[in-house]
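Asker: would you be able to build a 3D model of this:
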Amino acid sequence: MKFVLIALCAVVAGVFADTCDTYNHPQYGKGTCISTDLCPNALYVSGLCESKPANVKCCFSATGGTGTCSGKMTHATAQSQVNALGISVVSSGGCSDRNKPTCTSLDQINCATICLIKNFKSVSGCTFSITGGTETGHASGTYSHSNGYKLDISYNTCTTNFILGRYPYAYSRANGDKVYKDSKNNEYANEGNHWDITAMAC
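Answerer: Next up is the predicted model:
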């Protein structure tokens, strides 16, 4: 019976594991399973994302960083890109002025941050909204909301299960919030009523 259970666990683990998660390309390094239409320069390898739909491939960045995505974006451009994937941008004030804390603004968001959230949507398949961006009212710091590195997304069963099932626990903040990291050092912090995502690379 013990042997059967061990074998079953191995089979289940194999079903949900993707070769891309551990594959290291000799030239481009680590890859990420994302939709081919989001992969910079169509630099991907087929057959390494076994648990994903056919249009999801193991994508690589030619620069080993954020690929062709760099610099800042306007609110309109960023919102257009996320809306196209079914990601809404919501706020308690129904506005996008980054100088008002009740608004949710994407003005001056890093391109890599938007790239990451688009990839997250593509791979997870979850429905979620962006609830925090570059607007005032967040904590300061180098890798902060105001500097374009962070987004808050709505907290639900799908996003939570995806993050907890895919990314390892990294550390806990002083206030007890647990932080999980992916292979590119992007951080996913459980802040109780939303996920606080810090994008270091796409």
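Asker: quick check: Cys58 touching Tyr23?
Answerer: Yes - counting by C-beta atoms under 8 Å, Cys58 sits close enough to Tyr23 to count as a contact (6.4 Å). Backbone N, C-alpha and C define where each C-beta goes, glycine included.
Asker: between the two, which contacts overlap?
Answerer: In terms of C-beta atoms under 8 Å, 6 or more residues apart in numbering, Cys58 and Tyr23 are both contacted by the residues 31, 45, 48.
Asker: most neighbours out of those residues, which is it?
Answerer: Neighbours here mean other C-beta atoms under 10 Å. Within those, the largest count is held by Gly31, at 26 neighbours.
Asker: state the distance from that one to Val123.
Answerer: 12 Å (C-beta to C-beta, to the nearest Å).
Asker: picking that back up, so which of the shared contacts of Cys58 and Tyr23 comes closest to Ile117?
Answerer: Using C-beta to C-beta, the shortest approach to Ile117 within those belongs to Gly31, at 18.3 Å.
Asker: contacts for stretch 130-145 next, please.
Answerer: Residues outside stretch 130-145 that contact it (C-beta under 8 Å, 6+ apart) are 82, 87-91, 97-101, 103-109, 117, 146-154, 194, 196, 198, 200.
Asker: 7 Å instead?
Answerer: The contact list for stretch 130-145, computed with C-beta atoms under 7 Å, 6 or more residues apart in numbering, reads 82, 87, 89-90, 98-101, 103-109, 146, 148-154, 194, 198.
Asker: quick one, which of the residues you listed are buried?
Answerer: Applying 16 or more other C-beta atoms under 10 Å to the contacts of stretch 130-145, the neighbour count classes 82, 87, 89, 98, 103-109, 146, 148-154, 194, 198 as buried.
Asker: so which of those belong to helices?
Answerer: For the buried ones among the contacts of stretch 130-145, the ones inside helices are Val82, with DSSP state H as the criterion.
Asker: among the buried ones among the contacts of stretch 130-145, name the ones in strands.
Answerer: Residues of the buried ones among the contacts of stretch 130-145 located in strands (DSSP state E): 89, 109, 150-154, 194, 198.
Asker: switch the residues you listed over to a markdown table; also include pLDDT and distance to Ser70.
Answerer: Formatted as a markdown table, the entries for these read as follows, by pLDDT from 0 to 100; distance: C-beta to C-beta, whole Å:
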| residue | pLDDT | distance to Ser70 |
| --- | --- | --- |
| Val89 | 97 | 22 |
| Ile109 | 96 | 12 |
| Lys150 | 96 | 17 |
| Leu151 | 97 | 17 |
| Asp152 | 96 | 23 |
| Ile153 | 97 | 22 |
| Ser154 | 95 | 27 |
| His194 | 95 | 27 |
| Thr198 | 97 | 17 |
